[in-house]
Structures are given as structure tokens and as C-alpha cells.
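Peer 1: Fold the following for me, if possible:
(chains A and B)
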Amino acid sequence: MSNNWEMVIGLEVHAQLKTSSKLFSSSPNQFGSEPNENVNFIDSGMPGMLPVMNFGCIEMAIKTGYALNFKINKHSVFERKNYFYPDLPQGYQISQFEFPILSEGYINIDSGDNQKKIRIERAHLEQDAGKSIHDIDPKYSFIDLNRVGTPLLEIVSYPDLSSADEVINYMSSLRQLLMYIDVCDGNMQEGSLRADVNLSVRKKGQELGTRCEIKNLNSFKFIKQAIEYEFQRQINIIDCGGEIEQNTMLFDTSTGETRAMRSKEFSHDYRYFPDPDLLPVNLSQEQIDKIKPLVGELPQDKLNKYLNIYCLDKDIAKIIIAEKQNANLFEKMISESTVKPKFIAAWLVGDIFAFIKENNLEVISLNDKTKDITDLLRLISDDVISNKAGKEILPKVLNGEGKPSDLVKELGLEQVSDSGELEKIIDETLVGEEENILKFQGGSDRVLGYFVGKCLKATKGKGNPKLINKILLERLKK
Amino acid sequence: MSDIDIKRISYLAKLKLPSEKEEFYSNSLKDIIKWVDNLKKVDTSKTEPLHNVTEKTVSIRNDEVSKSNSVDDVLSNAPERAQNFFKVPKVVE
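Peer 2: Residues are numbered from 1 along each chain as shown, chains lettered A, B, ... in the order given. Next up is the predicted model:
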């Protein structure tokens, strides 16, 4: 019955900025420390402590502004968002409300075969809260304030998304961009990037329905599941004559269902007001301009370069630019070698990535092996060794077992490209094959493959297949 | 002036209010708001909003880490602790 229905989705994405210190205190901004290790008196909300703005956060916000096509506001204001919760010792979150640092941006995402522009209403700086642990003790909650004050950039889209796939594409494009400009590590499992999904349904072409907000989704899989469940839930309610109540929902990862999180009896009132401890942020044009060169090459720039200058296929180019470290590795290899970029790219997304995946490695760990890798690729593209021999040697090169040229000698994999030698082997192979030769001359191409195979076997796999092919054809056509 | 929703306000303030006191507090709040509303007599149509009286910009620091205290310092005022956690009555929203 969901055919006539469509979903309308807006996303609030929280990106933890990868600064060294926190937004308003100089405690370490670090994941995975011992409980309350990274907490000082500002973070713990002690009376009389004053927040001091970390300019690194402003810089990262401005970089994001450039990457996501935002208007970068010279004037922005920190306000207090008041609510009570044990992991928020100040009693309020310092955030930006009326005057955010970034407004009216957009990114383009893939939607089917086309590109779709997703408008972004705003992005603002705010503090993260601490963590409550409820499952250690039946009567008590245990509080770890390490995350308190971690800088977040909250990126709020317009309701321009209309399917789970679009949401995933939007989210992964954002993640890719934020990682490219080096402001967020993109680690969703550790909560560095999380999304609140605002979803409503409507019959096609009708006005917007009432929305529900699903809080704190931290994996692509959960985002997709939550959207699909919530879409169906809202349709079912309306189909049964009910009305959607505006609600904040939690996604239960064990059941795959969404459920209402907050009591609706009284809505929250955050009583925003400008934080008297913090003066407004007033930036000069000069300060903003200075940061532009730090943005660097964005994925779209790289894609254009890879397609037009390096002549890569689009699919392969996209795999390489998906993560900045892939692109860095690729470009390092190109700069160090005269092997054709297209040849390098094919090996990179093929055997090299497969090796990385199989051995659970970081792409970055190969950065000091690029010279050996391109030396090996040189041997393959010059036909010194066969493709097959290349595949055999590659893992050894990546494991650092030796120089490619040494390994080739050691394993006796050097290709036989001496035509005299090959001719001799081929002539020997053709002895007693009169019947098959006649078949070939009668038009059966399949026999050629048989002969190539037989000759390769006779050279113990070391014969240059291209050359064998060529000589064979000459011989057979006689 | 709009009516005071005293139930909601006491909820937001996390205060328990006996029902016989509701009218009393409702009226006092109304008086306070009426008094504050005197400010509306000032014509501000041509005045830019002021976020802070000093008119300066926020003071900033470089993105550098310094540790000024130990975990024990931070936990020393906690009513209760368990290992290095604050231990508080269970609050699950």
C-alpha cells in the first residue's frame, strides 16, 4: 500500500571536530581514555569557571563552510540551551541558535543515475555531552564526563531527501568531505559522526505531514533500517485513521523498531539565551580568506582530474577517491613512477585493495612501499614478468619480503620474451598436432586457446603470452 | 498578557507544587511579568540587538592541550563515586 506514499527527510548530522583540545577548555579531545581522565573544572561545570573559545574549532568550521558551499557568517553568537541531565554538568549546552557560524549551503549527491542538490540550512558549533552508563548498577547511573565539551559541528539539512538510499548517499558524501578537509575522523562506530533523522510521510504531491525525529543513529545500516521502519509505521497509523504525533523516537538496534523516547505530556523548553560568559564571534574577511587555501582538493576536483588527466574509468576513479588516504596513495605512486596511471589504478583497486582487506591493514601502512609497488608494476607493464607472476609477487612485496627485481629472480619468474627460444618451444609443441592445426585453419578459433595453453605450460608459465600468441598465429597460418 | 501555565512551569523547573498553591504562584508570576513588561515601553525599533555590553569579540586560545588537574580533583566534590565514575541516582530518559 506504500506506493502512493512518499517520505520527506531532513537530517541533523553531528560531526565531532578532530581538534586536540575541547571547544571551550584545554582538556584533551580524545576517545577511549580512562573514565573522567580528560575532564577539568570547566568541563565538570564547577562554579566560577569560564569557557575560552578554541580558535581551531572556528578554523574547522570555516573549512567546512568552503567545502559545503556555505555562507560563512562573520558574526555568530553562542547561546545556552538549558536542560537537565546528569551527563551535562553545566545544566546547559553551549550552542549556536539564532546566529550560526554557517548558513545556506548545499552538496550534490548521487540519486539513481543523476545528481541531486541537497540544500543545507545551517551548521553551528556546540558542545557534546558526557556519557551515562546505566547497566553497571540497578539503582545508579555511572557518569563519564570525558566527552563533555568535545566540539561538534551540527549540520542541518533542508527536508530535501526522499529515500533511505538518498540519505545514505548524503551521509556518506558528508563524511567523505569532512574527512577530506581533515575536520572529522568519520569514525561512526566511535560516535564521531551521528545523525538525527526527521521523517514525515505524505501522499505524493500533497503538503508536508507531521514529522518524527529519530535520534542518534551511528551507522549506515541503522539509518536505513530506522527509516524503513518509521516510514511504514507512520503510513500504518494514517491508513488506520490515526494522526502522527510529533515525537522524538529512539531506534532499538536489537529489534529494528523505533519507539517514542520522550514523554509528550510537556514539551521541552530550552530557554535559549546568549551565553553571558562568551562574547559574540566576530571574524574579519581576512581571517576567513586565510583559511581557504587549507581546504585543499575536494573529491569532485579529484574526480575531474582522474577522469580527464589520468584517463581512469569512472567506477575505478570513484573507488579511489572514496577515501582521501586511497587518493593519497594513488597520487604518491603516480608521482614516483612513469607507469601509466590507468595501469596503477587497476592494480590498486584490484589486488592491492584486496590484500589490504584480507590482512585488515590500513591503507596508510603502504605509504612507504609505493616505490616497490610501482617497480613491480613497471616489470609487469614492460612484460618482464607476466600478469600472473605479478599477482604472485605482489603480496611478498607488500609484506616487505624483498625488492621486486630480486623476488623475480629468486622465484625464477622472469618471463621468456626471447622470440628465438619461444619459437623453438612452440615448434616442439606443435609436433603431432596436425589434426588440431587443420581444425584451426578450418575456422575453429577455440583451438588457438588450446595451443596457447599448451605452449605456456611448456614454458612453465614463464613464456610471454602476447609473444606466444603472435608466433603461434604466424605458424598456424602457414 | 497570556495566561500562566503554572503546571508546565513547575515541571520545567523540576519543582513540586501543591495544587492549593498553584493560584498563588500563578498570580505572583503574573505580577513579575507585568513589572518586566515595563521594558516594552521603550521604543527599540531602531536599535540593533546587543548581545553583550562590552561590544568586543570573543577571546580565543590556540588549539593546545593542557591538563590542570587529576581525576581525583574532579571527583573530589562528587557525592558518590565508583572507581573513576560519578555515581548518581539512576536517570533514564
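Peer 1: Pull out the buried positions in the helix or strand containing residue A:371.
Peer 2: Assigning secondary structure by DSSP states H and E places residue A:371 in helix A:370-381. By 16 or more other CB atoms under 10 Å in any protein chain shown, the buried positions in helix A:370-381 come out as A:370, A:372, A:373, A:374, A:375, A:376, A:377, A:378, A:379, A:380, A:381. C-beta: built from backbone N, CA, C; applies to glycine.
Peer 1: And for stretch A:303-322?
Peer 2: A:303, A:305, A:306, A:310, A:312, A:316, A:317, A:318, A:319, A:320, A:321.
Peer 1: likewise stretch A:243-260?
Peer 2: Those would be A:244, A:247, A:248, A:249, A:250, A:251, A:258, for stretch A:243-260 by 16+ other CB under 10 Å.
Peer 1: Tell me how many other residues surround the closest residue to chain A within chain B.
Peer 2: With CB to the nearest CB as the measure, residue B:63 is the residue of chain B nearest to chain A, at 2.9 Å. Residue B:63 is flanked by 20 other residues according to other CB atoms under 10 Å in any protein chain shown.
Peer 1: that older thread, can you put the buried residues of helix A:370-381 in JSON lines and add pLDDT?
Peer 2: Below are those laid out as JSON lines (pLDDT from 0 to 100):
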{"residue": "A:370", "pLDDT": "92"}
{"residue": "A:372", "pLDDT": "93"}
{"residue": "A:373", "pLDDT": "93"}
{"residue": "A:374", "pLDDT": "93"}
{"residue": "A:375", "pLDDT": "92"}
{"residue": "A:376", "pLDDT": "92"}
{"residue": "A:377", "pLDDT": "93"}
{"residue": "A:378", "pLDDT": "92"}
{"residue": "A:379", "pLDDT": "90"}
{"residue": "A:380", "pLDDT": "90"}
{"residue": "A:381", "pLDDT": "89"}
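Peer 1: would TSV of those residues with distance to residue B:86 be doable?
Peer 2: Putting the buried residues of helix A:370-381 into TSV (distance: CB to CB, whole Å) gives the following:
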residue	distance to residue B:86
A:370	49
A:372	52
A:373	51
A:374	55
A:375	57
A:376	56
A:377	57
A:378	61
A:379	62
A:380	61
A:381	62
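Peer 1: tell me the secondary structure for the closest residue in space to residue B:91 that isn't next to it in sequence?
Peer 2: Leaving out its chain neighbours, the residue that sits closest to residue B:91 by CB to CB, 6 or more residues apart in numbering or on different chains is residue A:86, at 5.3 Å. Classification of residue A:86 by DSSP: H, G, I helix; E, B strand; the rest coil places it in coil.
Peer 1: Ramachandran coordinates for residue A:86?
Peer 2: With angles defined as degrees, to the nearest 10, residue A:86 sits at phi -60, psi -30.
Peer 1: What residues does it make contact with?
Peer 2: A:132, A:141, A:143, B:86, B:88, B:91 (CB atoms under 8 Å, 6 or more residues apart in numbering or on different chains).
Peer 1: Which helix or strand contains the residue of the stretch 51-200 of chain A found nearest chain B?
Peer 2: Per CB to the nearest CB, residue A:56 is where the stretch 51-200 of chain A lies closest to chain B, at 2.9 Å. Element membership for residue A:56, per DSSP H and E: helix A:55-67.
Peer 1: That helix packs against which elements?
Peer 2: On a contact count with 3 or more CB pairs under 8 Å, 6 or more residues apart in numbering or on different chains; DSSP states H and E, helix A:55-67 meets strand A:71-72, strand A:102-111, strand A:114-127, strand A:151-157, helix A:164-180, helix A:285-291, strand B:60-61.
Peer 1: Would you mind giving these as a markdown table with distance to residue A:347 and mean pLDDT added?
Peer 2: Below are the helices and strands packed on helix A:55-67 laid out as a markdown table (distance: least, CB to CB, whole Å; pLDDT from 0 to 100):
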| stretch | distance to residue A:347 | mean pLDDT |
| --- | --- | --- |
| strand A:71-72 | 41 | 98 |
| strand A:102-111 | 26 | 95 |
| strand A:114-127 | 30 | 97 |
| strand A:151-157 | 37 | 98 |
| helix A:164-180 | 23 | 96 |
| helix A:285-291 | 37 | 97 |
| strand B:60-61 | 47 | 94 |
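Peer 1: highest average neighbour count across these?
Peer 2: strand A:151-157 (a mean of 23; mean count of other CB atoms under 10 Å in any protein chain shown).
Peer 1: mind showing which ranges of chain B have poor pLDDT?
Peer 2: B:1-2, B:55, B:93 (pLDDT under 70).
Peer 1: Please tell me how far residue A:351 sits from residue A:344.
Peer 2: Distance, residue A:351 to residue A:344, by CB to CB, to the nearest Å: 12 Å.
Peer 1: What parts of the stretch 51-200 of chain A come near chain B?
Peer 2: A:52-58, A:77-78, A:84-86, A:132-134, A:136-145 (CB under 8 Å from any CB of the partner chain).
Peer 1: where do the strands sit along the stretch 201-350 of chain A?
Peer 2: Secondary structure of the stretch 201-350 of chain A, counting by DSSP state E, counting those that start in this stretch: strands at A:212-217, A:247-252, A:257-260, A:273-274, A:281-282.
Peer 1: Please produce a markdown table containing those, extended by distance to residue B:43 and mean pLDDT.
Peer 2: Listed next are the strands of the stretch 201-350 of chain A as a markdown table, based on distance: least, CB to CB, whole Å; pLDDT from 0 to 100:
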| stretch | distance to residue B:43 | mean pLDDT |
| --- | --- | --- |
| strand A:212-217 | 40 | 92 |
| strand A:247-252 | 41 | 89 |
| strand A:257-260 | 46 | 89 |
| strand A:273-274 | 22 | 92 |
| strand A:281-282 | 27 | 94 |
